[in-house]
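# Quick one: sequence and predicted model below, then my questions.
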Amino acid sequence: MGVVVAIVFAGGANSGGLLVVGSEFEWVNDVSNNIFGSLQLLTGKRNVRLSVICTPICAQVEKGISLDFMINAKLIVGRERYIGLSPKNTELKILVLIIGAGPAGLATSACLNLQNIPNIVLEKEDCCASLWKKRSYDRLKLHLAKQFCELPHMPFPQNAPTFVSKTGFIQYLDNYASHFNVNPIYHRTVESASFDERERKWLVIVRNTLINAVEKYEGKFLIVATGENSEGYTPNVPGLDSFHGEVVHSSRYENGKRFDDKNVLVVGCGNSGMEIAYDLSNWGAQTSIVVRNHVHVLTKRIVQLGMVLLKIVPCYLVDNIILCLSKFKYGNLSDYGLQKPSKGPFYLKRVTGRSPVIDVGTVDKIKAQEIKVFPSINKINGDCIQFANGETKSFDAIVFATGYRSTVRKWLKDDGGLFNEEGMPKKRFPSHWKGENGLYCAGFSRSGLYGISNDAKSIAQDICVIFGQKNL
């Protein structure tokens, strides 16, 4: 058997061939399951030429193949060449590096592919959209109507329901990636990303967790698409370590089946917390919820109306209309421990990124005392939890629906001030997505999937303009 070689390539209609001078080798047919287009391989004892005709893509080496060489296919666009060849080394140079294969990474790669801009998506998990596939509860649906949740250049099918289910959205994302030939490289955890001033390129150090090997990637442009919800956040509650029952973050909650007839406390009154409390109650749990902040409670139809009105009516008028409808629907919820903020729901969404609660039936259960509302937690002592109003109650389990945090500050260096200490953009929408030295971020606008779509289109267009100017 000859030298085992993996071909890693990216390109479009203008792709060039690859000339490798070296030992005779044997082509490994199953080196990738992600190759599109046609390949013609002519072998000789000293010279090997590979002709590539493909859509923008990067092949990935499957688990279990031992490589002697990793060859990066030559891509010629204008005067730029991206090529690398090194023994027993995985080093790849590409025009655009995208970190994260969630909706933001998929959408940005798709927009770049449509412009024939070569790019690679690196993902730490073993699948795309891992937040939806692995870290979301069973009954989850899109809280906004489907027209506000579409990714660029691909609407939902006409027969899709107005409010798409978790399963339906996952299928949409998989179809989206397939349609636009977005093929992430999985099991790649970014350890650092820094900008080389001399070479004017981004250097990304990645851990291949399948084989525990370090890989290096270089790119002219770097897109951070890890988003706002990269890592689950659990607050430091006094005495939590003394709690004898089960403690779970909402990212690990699937359904309430195993909590039947147990006393369960949900901490957090956002959309996830309210819906998980509803789900627990339906499964027979004795459910309570901590409501620490003031919240707007709306129905999904009221929110849909507001989204439509925002296109033609000023935000303050939309908020007034929506609040009137909410009051008509629910009455005064302060009697049930749900205080309303002083500012309107769409104003708060635009300024702070905080969404209103879209009720799935939780309010009726609160009014019927099937779900009890508590204020913030003072401390935990064993199974007993003491609340700010002085009440104490024992619980069997706690579900923390306390949100997520960005992890970008853990690995991104030289960000030029794009991100603050919390790993969120310093600039507000709509100027949040572009940094310095070819650095961008997608999915950080606090505007959900609608914001992701706008980010992806803006970034792809900007890179297309810059790259076009460099190659005139």
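Perfect, thanks for sending it.
# Spatially nearest residue to T209 (excluding sequence neighbours)?
Nearest in space to T209, with sequence neighbours left out and distances taken as CB to CB, 6 or more residues apart in numbering, is H187 at 4.6 Å. Bear in mind the C-beta positions are built from the backbone N, C-alpha and C, glycine included.
# list the contacts for K379?
Contact analysis of K379 by CB atoms under 8 Å, 6 or more residues apart in numbering lists V237, P238, G239, I385, Q386.
# out of the residues you listed, which is most surrounded?
Looking at those with neighbours defined as other CB atoms under 10 Å, the largest count falls to I385 at 26 neighbours.
# ok, that residue to F243 distance?
8 Å (CB to CB, to the nearest Å).
# okay, and the common contacts of these two?
Common neighbours of I385 and F243, counting by CB under 8 Å, 6+ apart, are I398.
# what about P425, how many neighbours?
Residues near P425, counting by other CB under 10 Å, number 24.
# which element is the nearest residue to it once chain neighbours are set aside on?
Nearest non-adjacent residue to P425, counting by CB to CB, 6+ apart: H432, 3.8 Å away. Element membership for H432 (DSSP states H and E) is empty, with no helix or strand holding it.
# do the same with V214
Under the assignment given by DSSP H and E, the secondary-structure element containing V214 is strand 213-224.
# isn't there a strand covering N159?
No - N159: not assigned to a strand; according to DSSP: H, G, I helix; E, B strand; the rest coil it is coil.
# and R409, how many neighbours?
Using other CB under 10 Å, R409 has 15 neighbouring residues.
# Then S192?
As a burial measure, S192 scores 12 neighbours (other CB under 10 Å).
# What does the pLDDT read for it?
Per-residue confidence (pLDDT) for S192: 96.
# what's the nearest residue to L97 if we skip its chain neighbours?
Distances taken as CB to CB, 6+ apart put G219 closest to L97, at 3.8 Å, once the chain neighbours are dropped.
# so the one you found makes contact with I94?
Yes - shown here, G219 and I94 form a contact pair, counting by CB atoms under 8 Å, at 5.4 Å.
# what touches both of those two?
I120.
# Buried ones in stretch 421-429, by neighbour count?
G423, M424, P425, F429 (16 or more other CB atoms under 10 Å).
# swap that for stretch 312-331, sorry
Applying a neighbour-count criterion of 16+ other CB under 10 Å, the buried positions in stretch 312-331 are C315, V318, D319, I322, L323, L325, S326, Y330.
# Give me the residues contacting that stretch.
296-299, 302-303, 305-306, 309-310, 343-347, 350, 359, 363.
# Quickly list the domain ranges of this protein.
Partitioning the chain according to automatic domain parsing yields domains covering residues 3-89, 96-230+405-470, 234-402.
# where do the strands sit along the stretch 251-400 of the chain?
Using DSSP state E, counting those that start in this stretch, the strands found in the stretch 251-400 of the chain span residues 263-267, 286-290, 297-298, 357-358, 371-374, 377-381, 384-387, 392-394, 397-400.
# and Q115, which of these is closest to it?
Closest approach to Q115 among these (CB to CB): strand 357-358, 35.6 Å.
# which neighbours does that closest one have in its sheet, and in what orientation?
Next to strand 357-358 in the sheet, as set by DSSP bridges, lie strand 297-298 (parallel).
# Need the residues that contact the strand it pairs with.
Under the criterion CB under 8 Å, 6+ apart, external residues in contact with strand 297-298 comprise 306, 322, 325-326, 330, 333, 338, 345, 356-359, 363.
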